[in-house]
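**Student:** Okay, sequence plus prediction incoming.
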Amino acid sequence: MSEKAETKKAESEVPETKAEVKKQEPKAAPAPTMSAPVAQPPKRTLSALISRSVAAHPWHDLELGPGAPQVFNCVIEISKGSKVKYELDKKSGLIKVDRVLYSSVVYPHNYGFVPRTLCEDNDPIDVLVLMQEPVLPGAFLRARAIGLMPMIDQGEKDDKVIAVCADDPEFRHYTDIKQLPPHRLKEIQRFFEDYKKNENKQVAVNDFLGAEEAVKAVKHSMDLYCGFIVEGLMA
């Protein structure tokens, strides 16, 4: 082959345009990009998206404590000195305003309920807690049962446990209602006899019972609650 022919053959093997050269070049891998971290919503927000309600229910979720039925946790609904009648909304677990008392009286002591208990009226057992200071509605504290106030409210049994705050240095040494000044018991009795009179509702308060009967009442309400839970699981 002549030198001229070899030159022509070599030229035919070389790409004729720059575009053809670019087509034959391998594409470079794209440079890695650093993406910003995705913000994660708080766990409570995630829980709220998964569950319709994430708030603890004070009646069902708060434990009674290891000392029950003698010493137990209780949730305060109404502060000492309040004329507003608060109560537990059993569906939501929130404390709601039921009414303002019609009579010119105020609650003589903090008033609430014992969690994980049940009475014949389908409510948790009520408790009146004697202590130095008013407590905000919705707070819970440790209480010691020292007595029981048998009460009939419009023909229905509505007994109240009388207790003292187990962490109040002025009241925690009381172990039985007989140790309280007699006048204090008269104040409590008179309040419950009068606080519904202007609503034309009849309330009868019987003689106070001691700590032993109070503990029995709390234990009975604990048993009723357990039976209620078992029935619900089997339904």
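**Tutor:** Alright, I've got the coordinates. On a predicted model such as this, the values are computed, not experimentally measured, just so you know.

**Student:** residues of stretch 177-197 that come out buried?
**Tutor:** Within stretch 177-197, the residues that count as buried by 16 or more other C-beta atoms under 10 Å are 177, 180, 185, 188-189, 191-192, 195-196. Glycine gets a C-beta too; all of them are placed from N, C-alpha and C.

**Student:** got it, and stretch 155-162?
**Tutor:** Going by 16+ other C-beta under 10 Å, stretch 155-162 has these buried residues: 158-162.

**Student:** Helices of the protein, start to end?
**Tutor:** Taking DSSP state H, the helices of the chain run over residues 3-13, 18-24, 43-50, 182-194, 211-234.

**Student:** and the shortest one, what's its mean pLDDT?
**Tutor:** Confidence over helix 18-24 (mean pLDDT, whole number) is 51.

**Student:** before we move on, back to that, quick check: the farthest pair among the buried residues of stretch 177-197?
**Tutor:** With C-beta to C-beta as the measure, no two of the buried residues of stretch 177-197 lie farther apart than 180 and 196, at 23.9 Å.

**Student:** report the longest strand in this protein, please.
**Tutor:** strand 140-149 (DSSP state E).

**Student:** tell me the angle of that strand relative to helix 211-234?
**Tutor:** Relative orientation of strand 140-149 with respect to helix 211-234: 120 degrees, computed using axes from the mean of the first three to the mean of the last three C-alpha atoms, to 10 degrees.

**Student:** Pull out the buried residues from strand 140-149.
**Tutor:** Buried residues in strand 140-149, defined by neighbour count with 16+ other C-beta under 10 Å: 140-149.
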